[in-house]
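In: Predicted structure and sequence below. I'll ask about it afterward.
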Amino acid sequence: MSGIHPAYLDCNATTPIEPEVGAIIRRFFEEEYGNEGSRTHAYGARAKEGVQKAREQIARLVDAQPDEVVFTSGATESNNLAILGLAQWGRRHGKTHIITSHIEHKAVLEPVDVLAKDGFEVDLVAPGRNGRVDAAKIIPLIRPTTLLVSLMHANNETGVIQPIGEVAEGLAHHPAWFHVDAAQTFGKLIEPLRNHRIDLISASGHKIYGPKGVGVLVVRHRGKQKVPLLPLVFGGGQEQGLRPGTLPVPLVAGLGLAAEMGEREHGARGKKCVEFREKFLAALAPLKPKIHGEEGQILSHTANLSFPGISAEEAMVKLRDLVAVSNGSACTSASYQPSHVLKAMGLEKDDIVGALRFSWSHLTPEPDWAAVVEKLRK
């Protein structure tokens, strides 16, 4: 790729880093490099201050308390902790039923499958052809033995926003824990994640213009009641005993600042993404693309679409010098398996095979759309 700089349109896989975030990460790597667990000197004290500030920044973003913020390596670990961490309590209290959807990220589906093989009952809810899971299909499935309802906030492949508010409302008088994988919406869609009926929120730093390798699980208290999670890893007792190990202070500080910037700038960022989307769809309109998902229910920075007669693999090869795009989740792209999300939506085989995911941000430069269209025409 030497000398070639295609426009980056794969922000749902990972985002570029904000310059301010990069600067604070470098400062904590190069200058304030103390261990936040070291209590006997100023280096440790300043590291601890950096971590505490990050907890406050993240808590403020979702209207939580700083002590409800648990740092992890990313949303995948957060999802595993939220799901597998409840298993022992669930068995002890006869709560062995889980509800989730067919379109969840593998970081939710696979730990749920682990519990299913261990005797838990699982209901998987299918989406409509518009990519949206109907809350009215979830609520009737709730039973006295339901331990957990897990629903992503927005799908990573289609960008379709899911009805987490309606599900939260349906759970208002039921004790089941409610987990939301917010990897694609944390710091972008603010108010829905401030709903206090959501008990557990997973997020990653590298989806919100922060660093890779760090994430968060927000574990809300219900009054004096804590979500009865148990750790998956042992040794050290950090993060309230839920996630032991030395905290990566530079990454944590970067995630905190990224969260603060998301709260402060989400409106302006969203406006830029809407403008980009309008130009994008207008430029590609002559190719008559099929958009997978219902307009008005899709994140402003995401478009999953297919072009008649063109396979995704062929299109990505033709476009690689112009734009960097994907044909699905980065976590499973090496397997070349048809998207489980698009299959669950009931799309035709040609549309699934041809589906491309374009995802951008407020930092994305305008590509040469005329050249993109010409490449696809050929």
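Out: Looks like it came in fine.

In: mind listing the helices for the stretch 251-378 of the chain?
Out: When secondary structure is read from DSSP state H, counting those that start in this stretch, the stretch 251-378 of the chain shows helices at 312-319, 340-344, 349-354, 369-377.

In: and residue 250, what does it touch?
Out: 24, 25, 26, 27, 28, 29, 211 (C-beta atoms under 8 Å, 6 or more residues apart in numbering). C-beta: built from backbone N, CA, C; applies to glycine.

In: just the strands in the stretch 251-378 of the chain please.
Out: Per DSSP state E, counting those that start in this stretch, the stretch 251-378 of the chain carries strands over the ranges 290-291, 302-306, 323-324, 356-359.

In: Can you get me a residue count around residue 229?
Out: Residue neighbour count, defined by other C-beta atoms under 10 Å, stands at 24 for residue 229.

In: Could you look up the SS state of it?
Out: Using DSSP: H, G, I helix; E, B strand; the rest coil, the structure places residue 229 in coil.

In: what's it sitting at in phi/psi?
Out: Torsion angles at residue 229 (phi, psi; degrees, to the nearest 10) stand at phi -80, psi 150.

In: domain assignment for this protein?
Out: The chain breaks down into these domains under automatic domain parsing: 7-17+266-377, 19-260.

In: quick one: which of those has the weakest pLDDT on average?
Out: Here the domains of the chain differ in mean pLDDT, and the lowest is domain 7-17+266-377 at a mean of 91.

In: what's the span of that one from first residue to last?
Out: For domain 7-17+266-377, the first-to-last residue distance is 19 Å (C-alpha to C-alpha, to the nearest Å).

In: And stretch 91-98, by the same measure?
Out: Terminal residues of stretch 91-98 are spaced 12 Å apart (C-alpha to C-alpha).

In: Give me the contacts around it.
Out: Contact with stretch 91-98 is made by 83, 89-90, 112, 115-116, 119-123, 143, 145-150, 176, as judged by C-beta under 8 Å, 6+ apart.

In: Provide the secondary structure category for residue 178.
Out: Under three-state DSSP, residue 178 comes out as strand.

In: unless I'm mixing things up, it is touching residue 147, no?
Out: No - the pair residue 178 / residue 147 is not scored as a contact, 10.9 Å apart, by C-beta atoms under 8 Å.

In: Could I get the buried residue list for stretch 92-110?
Out: For stretch 92-110, burial by neighbour count (16 or more other C-beta atoms under 10 Å) applies to 95-101, 103-105, 107-109.

In: End to end on it, go ahead and measure it.
Out: Counting by C-alpha to C-alpha, you get 22 Å between the two ends of stretch 92-110.

In: Looking at the strands of the stretch 251-378 of the chain, spot the one closest to residue 167.
Out: Judged by C-beta to C-beta, the one of the strands of the stretch 251-378 of the chain that comes nearest to residue 167 is strand 302-306, at 21.2 Å.

In: which other helices and strands contact the closest one?
Out: Judged by 3 or more C-beta pairs under 8 Å, 6 or more residues apart in numbering; DSSP states H and E, strand 302-306 is in contact with helix 249-284, strand 290-291, helix 349-354, strand 356-359.

In: got the phi/psi numbers for residue 158?
Out: Torsion angles, degrees, to the nearest 10, at residue 158: phi -100, psi -20.

In: Then the one 4 residues further on?
Out: Main-chain torsions, residue 162, degrees, to the nearest 10: phi -100, psi 160.

In: just residue 69 next, same as before
Out: Backbone torsions of residue 69, given as degrees, to the nearest 10, read phi -100, psi 120.

In: Then residue 203?
Out: Taking degrees, to the nearest 10, you get phi -160, psi 160 for the backbone angles of residue 203.

In: got the contact list for it?
Out: Residue 203 sits next to 75, 78, 182, 183, 186, 187, 215, 216, 218 when contact means C-beta under 8 Å, 6+ apart.

In: what's the farthest-apart pair in the residues you listed?
Out: Farthest-apart pair in these is 78 and 187; separation 14.7 Å (C-beta to C-beta).

In: These two: who's more crowded?
Out: Counted by other C-beta under 10 Å, residue 78 and residue 187 do not tie: residue 78 has more neighbours, with 30 against 27.

In: can I assume that one is in contact with residue 69?
Out: No - using C-beta under 8 Å, residue 78 makes no contact with residue 69, being 11.0 Å away.

In: pretty sure residue 102 contacts residue 124?
Out: Yes - using C-beta under 8 Å, residue 102 is in contact with residue 124, at 5.1 Å.

In: Drop anything exposed from the contacts of stretch 91-98.
Out: Buried subset of these (neighbour count, 16+ other C-beta under 10 Å): 83, 90, 112, 115, 120, 122-123, 146-150, 176.

In: Now go through these and say which are in strands.
Out: Secondary structure from DSSP state E places 122, 123, 146, 147, 148, 149, 150 of these in strands.
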